[in-house]
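> give me a 3D structure for the following:
(2 chains)
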Amino acid sequence: ETGVTQSPTHLIKTRGQQVTLRCSSQSGHNTVSWYQQALGQGPQFIFQYYREEENGRGNFPPRFSGLQFPNYSSELNVNALELDDSALYLCASSLKLASGGYSTDTQYFGPGTRLTVL
Amino acid sequence: DQQVKQNSPSLSVQEGRISILNCDYTNSMFDYFLWYKKYPAEGPTFLISISSIKDKNEDGRFTVFLNKSAKHLSLHIVPSQPGDSAVYFCAASNQAGTALIFGKGTTLSVSS
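From the prediction side, this is the model:
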């Protein structure tokens, strides 16, 4: 069983540029969530994808967008980068049950991508 | 406005003793709670969880207690080991499997 992987590990961009971060879900998982962790803070929820559709979004502007692919891997795209976008970006995968009802699917995190915007 | 609060930024404990990490929440709709451990340069690692229908969950050296009336949960680590030194995050959700709301974390240092 493979864990959650993310690429790249580190990235440096300049203000106004665009960036794409990638995440490969844990084997068997169908849901991916993205979080932003600023220095000294806990992770903040950006959005979640379930079966290739957005399934919830946090308080982030539209320049943060995502994709989930049929193999459940995912991308986070950020346009028009700002200095405050500098952070650790984490993706987490989980298995959401299709049958509904109460589900305690735990999210498992990747190692993160450290983005620096200059 | 923080919905999940970890009021102690740091905690120091001696090896073999009990570590107690605390977490308070404000949203009464939260029904699933998790603890994660994070080492530098790694992603958060899932430790233990508890649903609102329980008040205690145990897994080896780790026990989580939930007091719904006080909107408080705690993580007990017994006995503490130097390898437990890390940042511990409390997280909550109001519909299992969607957004996790995290606290700011507590840095635990276990000395030998």
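> how about the residue in chain A that chain B sits nearest to, what does it touch?
Residue of chain A nearest chain B, by Cβ to the nearest Cβ: A:Gly42 (3.2 Å). Yep, even glycine has a C-beta here, placed from its N, CA and C like the rest. Listed by Cβ atoms under 8 Å, 6 or more residues apart in numbering or on different chains, the contact partners of A:Gly42 are B:4, B:89, B:91, B:102-105.
> got the contact list for the residue lying closest to it once chain neighbours are set aside?
Nearest residue to A:Gly42, sequence neighbours excluded (Cβ to Cβ, 6 or more residues apart in numbering or on different chains): B:Phe102, at 3.2 Å. Going by Cβ under 8 Å, 6+ apart, B:Phe102 touches A:35, A:42-44, B:4, B:89-91.
> dig out what the residue of chain B found nearest chain A forms beta bridges with.
Closest approach between chain B and chain A, counting by Cβ to the nearest Cβ: B:Phe102, at 3.2 Å. B:Phe102 forms beta bridges with B:Ala91, as assigned by DSSP bridges.
> that one and A:Ser33: what is the separation?
As for B:Phe102, its distance to A:Ser33 is 12 Å (criterion: Cβ to Cβ, to the nearest Å).
> one step back: local confidence estimate at the residue nearest to A:Gly42?
You'll see B:Phe102 listed with a pLDDT of 96.
> now do B:Thr45
Reading off the model, B:Thr45 has pLDDT 95.
> burial measure for the closest residue to it other than its chain neighbours, as a count.
Of all residues not flanking B:Thr45 in the chain, B:Lys37 sits nearest, at 5.0 Å (Cβ to Cβ, 6+ apart). By other Cβ atoms under 10 Å in any protein chain shown, 21 other residues sit near B:Lys37.
> I figured B:Lys37 hits B:Tyr88, correct?
Yes - with contacts counted by Cβ atoms under 8 Å, B:Lys37 reaches B:Tyr88, the gap being 5.7 Å.
> between the two, what contacts are shared?
B:Leu47.
> how about the secondary structure of the residue of chain A closest to chain B?
coil (DSSP: H, G, I helix; E, B strand; the rest coil).
> check it and give its pLDDT.
For A:Gly42, pLDDT reads 95.
> do A:Gly100 as well
For A:Gly100, the predicted pLDDT is 54.
> who in chain A is up against chain B?
Where chain A comes near chain B, counting by Cβ under 8 Å from any Cβ of the partner chain, the residues are A:4, A:6, A:31, A:33, A:35, A:40-45, A:48, A:55-56, A:58, A:90, A:92, A:94, A:96, A:102-112.
> filter those to the buried ones?
A:4, A:6, A:31, A:33, A:35, A:42-45, A:48, A:55, A:58, A:90, A:92, A:94, A:96, A:105-112 (16 or more other Cβ atoms under 10 Å in any protein chain shown).
> just to revisit the earlier point, now, which of the contacts of A:Gly42 sits nearest A:Asn79?
For the contacts of A:Gly42, the residue nearest A:Asn79 by Cβ to Cβ is B:Phe102; the value is 25.3 Å.
> follow-up on the earlier one: filter the contacts of A:Gly42 down to the buried ones.
So, by 16+ other Cβ under 10 Å, the buried ones in these are B:4, B:89, B:91, B:102-105.
> of those residues, which pair is most distant in space?
B:Ala91 and B:Lys104 (11.3 Å).
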